[in-house]
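Asks: quick one, what's the 3D model for this:
(2 chains)
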Amino acid sequence: MNPNLIISPILLPLLGAIVLMGFWANPKIQRRLSLVFHGIAVLLAAFLLAAVSDGTIIVMQAGSWGAPFGITYVADALSALMVLLTAIAGLAVGIFSSASIKSARAAFGFFPLIQFLLMGLNGSFLAGDLFNLYVWFEVIIISSFVLITLGGEKAQLEGAIKYVTMNLLASVIFLTGIAILYGILGSLNLADLAIRVQETPDKGLISAAAILFLVAFGIKSALFPMYFWLPASYHTPPAAVSAIFGGLLTKVGVYAFIRIFSLLFIQDPFIQKLLIGIGVLTMVSGALGAIVSVNLRKIFSYLIISHIGFMIGGLGLFTPLALAGAVLYMAHDIIAKTNIFLITGVIYKIKGSFRLEKLSGLYNEFPYLSIVFAISMFSIVGTPPLSGFWPKVWLLQASWQAGDYWMLGGIILASFLTLWIVVKIWSVVFWRKKPDVINTRVRNELAAALPKNRNAVLIAVGMLTAVSLFIGFGVQPLADLCLTIADQLIDTEGYIQTVLQ
Amino acid sequence: MLIALLFPFLAAALLALPVREKRDLIVRLSALVPLGLLSFFIYNSQQTPTMQRNAWLRDMPVSLDLYFDGLSFLFILLITGIGTAIFVYAGAYMKGHAYSQRLMAFLMLFMGAMLGVVLSDNLIALFVFWELTSISSFFLIGFNNENEASRKSALTALAVTGSGGLVMLIGFIGLGEVAGTYSIQEIIAQRDAVVNHTAYGWITGLILFGAITKSAQFPFHFWLPGAMKAPTPVSAYLHSATMVKAGIYLIARLTPALGDTPFWNQTLLVLGGVTMLYAAFQSLFHKDMKSILAYSTVSALGILVFLLGIGTSASILAASVFILVHGLYKATLFLVTGIVDHETGSRDVSQLSGLRKVMLPVAIAGLLAAISNAGIPPSFGFIGKDLIYEATELKGHLLTALAVLTNIFLLVAGFLAGWKPFAGPLQPEHQKVHLPEMAMWLPPLLLASLGILFGLFPQLIEKTIVAPVFQSISGTAFTGHLALWHGFNFVLLLSSITIVGGLVLYFIIKPSTALNSFIVKSEKFGPKVILTGIANGFDLFARLYTKFFQNGYLRYYIIFIMLTLIGLLGFEMWHYTTLETNNRLATEVTFYEGVTIFILLVSVVIIVFSQSRLASVAALGVMGLAICIVFVFYSAPDLAMTQFTIDTLTVILFVLVLYKLPKFIPLRFTPHHIRDAVIALGFGALISILTLEVLTKNVNREISEFYAANSYVLAKGKNVVNVILVDFRGADTIVEIAVLSIAAIGVFSLLKLRLPKKERIE
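Replies: Residues are numbered from 1 along each chain as shown, chains lettered A, B, ... in the order given. Reported below is the predicted structural model:
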């Protein structure tokens, strides 16, 4: 594969954004055209993953300035997997939003913004340079901020202020960390830094920098006690937006954690313990928040937090099984969480509310749709053999082998609380029969929608459910890939050599 | 065998497909699935034990290896044999019901999951099927989903069995890791290593927790009586013969691997003993037939746990037989209850009587089941009871007395549910009650007759069923004989006491509302209330916890984050960083630098203590300019120019915004200020120390030197900073340009976009 092609997942959405902005006044064309870009993105990502899934690492030096002097882009199995998952989630959200996003938002750049967001995500996954990663984070923050505010409702703005304040704080801390690292080591290239970290005598300062990165990424990936922006903002924008946020935004923080810490900081036992401790607290805090929430989107927002804990705890354990479990969990989670937020969007379209006390009776009204929803919800719980179960087996095994009983207990408690929440939602929203108490303004939008729109919404949910089922029942190839990734994360020699050659 | 196992899942999927016509027929035909499986397994039972290896996932410790031996065979007989009876019965019971197909699909799914539990040799696969039984039973118990009580009991059942299952999973993982294999048979082969491992107690405790929650042992029994909200065929299937026995199966299956240690035996003995007596006593006080049966089922499960806890070969034999005895009579009693309920609309034994006059075959089934339950010869139950007494007799009088008392209560419960509705005079309002179709009364009659048949001819099952089960649990061959008559001995005396005592008690106890309300009141101190209290307490804790952290105030969020950062950074630097300073830096302060720093400090003080917003903003501007000057000192004039422009613009914007804001409210000095000051100073101090530390280090300047040396040679630009921005690190700049375009869209939409009312969210 031509190394220059690895940045095509970045360039394609950039092109998409520019082309879509060319049709600024014509949302109809934007709706259709954006689907083309999402479709090509999936193909490109699949192509990229196929090229690196055997453990090959492809490197592209921007402007042909050899590392560590220029900016490096690297595609290894982890990056390519993340790019593919992003493309799949992006396609589903694209299909969903082509039908669900109303013309007012569409006329103010909704579709180009989604492309920009995807560009930022792919850029972060492919960056091999610390400062470049920071710049991609900026793209993500600004485009997600605009997506949250788009519409300008009071709740949206309130959420957006909290979102952007804390994320900017994270950026500042991240930047401080970069400055300190650059001050000690004099480099920004990740592979180069990995070597210099090994060589430097100033281990204390390195782990001080690690703390800064931990807090910065901790805010981004919504860890305890830094997750506040997430439940404050995710329930405010349209369903399509909260779906892509729920699936991907925190995961880019987790990705940064895995990438940076495995390359630079993980040898520090203090950092490992810290990651496990924070992971366990995150699992529990998120689950506690979820059981007391009454708004569907808030519940799922808290569940995002809870399940981030699994991945961070897995990173902290840093054994092949634990890392593979963390990555596999992340793959499952991106698909399942995106889907669950789309599903809440569908529920909103049917019932006109996100609040538990106003919802009821879906099972008898839409039995087959309900089963599709149930599959997705039980995937999140990790009910075997659906997709969330397998990574948990690995994580539990790894925790037992490491003798980490807090982690074992945390995983089980969080899983149980997730199960409890999901069956409670099932019991209330799907089983219960109750006279409709819905605002007269909102009617049954799904029934009223054009058949074409209705199908688009259901195709998006169906597609993600199918992917989720595939991860559950056909986990073998993905599990193989995750083990390859875990090997690459532990033995970073290949990454470093390929970048610096 | 794998195909046989997967078959019910396929059938369940097919049953879930929408059908317009002939739904009743399809529902009835579904009984062919358990019947077919029953014949398949009976046909193959000659070759037990067999192991069929099926790989599943190579990266996970999981396989679909199936192990078919006496123990699995017994449970398969219950699952498919009683299953056939239930499916035939349910087809008639649910006739014309709008969701009959749905019920059958879930029943089928459940049956497949149960088969998986008893056939899997792999612990993880067993867990997969185990969870599937929990989930499918959740849907079955909550089948009448518009009824609140039904939903609630489904939730309770899943909460108890689901939490048990998850805890058990840790135990399984531990067992697998300790033994180095997840195959049960291989674990049994290295029992000594497991039993002597330090984690043995934990592993056993965690696994037993899963088993006892599933098998409704005290104090987790309460979900089972609650689960009686399910349609009767479901109760009959799940709560007599199959799901609740999954825990018993697991204990029996793992006995050769984990059993025969004091911890194992005593735990089971105590749990089982308490459960069997407590639940049997409870069953006397209910008047709803299903409640009576529910408690007597809990008690019977207690007896099984108790017997497995005794752990002698006599008790294992007793357990092997009693599983079958109980399955036969309890399923019959449930089905009889279902018919009574279906035809009369009541399950209240204090109201029902004389129904034998209108539904004789059902009455016969009920009576036969009650007789087998009571252990009156020549029923199969008599043999079972005999064996129980033989087992306890060897272990002392206390256990024997417990067993006798339990059995007396159970006898009463059996007659209350199985015979009471049919005895005495017929109530006038039930004159028109008629016998249901044969598909409903034949299955219970058949099951009840088997209970007598096996009693008369125990040799029918001695070699085919009981001996292999005994072999599977105890690991040794069965040498004795099953027989009704053992001669005049102590055990016979105990049996007689049980029967006489029970019958006397039956005639004394008259189920009534008063009696019932007594036990309902006493439940106020029961484990259900306590566990619900704990759950509520947990909920309250979750509420307070979430309220504390997610309190809605941005300032507190920032404080939490800053405190986290300060705490972690401070701890780390305190422990791992040695403080060094570089005096050389301090000596080089020039006059101009000193003045600039002074201005900077003054403006900071003004920002913090000013009573006017405008003054604060102006001071902020001054501070920005002072920083620009610092840049100039360090020979970065272009950076200073950029910063200067940005700073000026920011101040102007600020002033514009201030114009829109309400008047300044002068803030008095409060403790909050001290708190904020401490946090700010702490953070500032830490970052300063960190920065000073970094300055003492000798930096590898390879990269900046490369830029300086090559910006003209290779990149054809004289201004190094510009070349870095547009060439060496041009990619960063492109991306930053994108950031600006996105921000422009954002500003535009914030200013211009007003959503039409109908597009708003809540």
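Asks: and the closest residue to B:Thr476 other than its chain neighbours, what pLDDT?
Replies: Leaving aside its chain neighbours, B:Thr476 sits nearest to B:Ser313 (6.8 Å; criterion: CB to CB, 6 or more residues apart in numbering or on different chains). (C-beta placed from N, C-alpha, C; glycine too.) You'll see B:Ser313 listed with a pLDDT of 86.
Asks: next one: B:Ser313 from A:Trp400, what distance?
Replies: Look at B:Ser313 and A:Trp400: by CB to CB, to the nearest Å, they are 34 Å apart.
Asks: for the one helix or strand B:Ile687 maps to, the distance to its chain's centre please.
Replies: Element membership of B:Ile687, judged by DSSP states H and E, is helix B:671-695. The chain centroid and the centroid of helix B:671-695 are separated by 47 Å under CA atoms, centre = their mean, to the nearest Å.
Asks: and that helix with chain A, contact?
Replies: Yes. Helix B:671-695 reaches chain A (CB under 8 Å from any CB of the partner chain) through B:Ile687, B:Leu690, B:Thr691, B:Glu693, B:Val694, B:Leu695.
Asks: ok, and for that helix, which residues are buried?
Replies: Counting neighbours by 16 or more other CB atoms under 10 Å in any protein chain shown, one finds that the buried residues in helix B:671-695 are B:Asp676, B:Ile679, B:Gly682, B:Phe683, B:Leu686, B:Ile687, B:Ile689, B:Leu690, B:Glu693, B:Val694.
Asks: of the residues you listed, closest to chain A?
Replies: Distance to chain A, by CB to the nearest CB, is smallest for B:Val694 among these, at 3.9 Å.
Asks: apart from its chain neighbours, what residue comes closest to the closest one?
Replies: Nearest to B:Val694 is A:Gly183, by CB to CB, 6+ apart, at 3.9 Å.
Asks: what residues does the stretch 1-150 of chain A have near chain B?
Replies: Residues of the stretch 1-150 of chain A that fall close to chain B, judged by CB under 8 Å from any CB: A:14, A:62-63, A:65, A:68-71, A:102, A:104-105, A:107-109, A:112-113, A:116, A:119, A:123, A:131-132, A:135-136, A:138-139, A:142-143, A:145-146, A:149-150.
Asks: emit the ChimeraX select command for whichever of the residues you listed are buried.
Replies: Buried subset of the residues of the stretch 1-150 of chain A next to chain B, written as a ChimeraX selection, criterion 16+ other CB under 10 Å:
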select /A:14,62,65,68,69,70,71,102,104,105,107,108,109,112,113,116,119,123,131,132,135,136,138,139,142,143,145,146,149,150
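Asks: how far is stretch B:68-86 from where the chain is centred?
Replies: Worked out by CA atoms, centre = their mean, stretch B:68-86 lies 25 Å from the chain centre.
Asks: and it, end to end?
Replies: End-to-end distance of stretch B:68-86 (CA to CA, to the nearest Å): 24 Å.
Asks: before we move on, back to that, so what's the residue nearest to B:Thr476 up against?
Replies: Contacts for B:Ser313 were tallied using CB atoms under 8 Å, 6 or more residues apart in numbering or on different chains; they are B:Phe470, B:Ser474, B:Thr476.
Asks: pretty sure the last one belongs to a helix, no?
Replies: This means B:Thr476. No. According to DSSP: H, G, I helix; E, B strand; the rest coil, B:Thr476 belongs to no helix; its state is coil.
Asks: could you say what helices and strands the helix holding B:Ile687 packs with?
Replies: Counting contacts by 3 or more CB pairs under 8 Å, 6 or more residues apart in numbering or on different chains; DSSP states H and E, helix B:671-695 is packed against helix A:154-185, helix A:203-220, helix B:554-576.
Asks: so after that helix, what's the next helix or strand?
Replies: helix B:702-710.
Asks: which other helices and strands does the host helix or strand of A:Pro9 contact?
Replies: Taking DSSP H and E as the criterion, the element that holds A:Pro9 is helix A:8-22. Applying 3+ CB pairs under 8 Å, 6+ apart, one finds that helix A:8-22 contacts helix A:27-52, helix A:110-126.
Asks: could you pull up the mean pLDDT of the helix or strand just after the shortest one?
Replies: Proceeding N to C from helix A:110-126, the next assigned helix or strand is helix A:130-149, under DSSP H and E. Averaging the model's pLDDT scores along helix A:130-149 yields 93.
Asks: likewise for stretch B:657-665?
Replies: The average pLDDT within stretch B:657-665 is 69.
Asks: what kind of secondary structure is the residue nearest the centre of chain A in?
Replies: Centroid-nearest residue in chain A, with CA atoms, centre = their mean: A:Leu248, separated by 2.3 Å. For A:Leu248, the assignment made with three-state DSSP gives helix.
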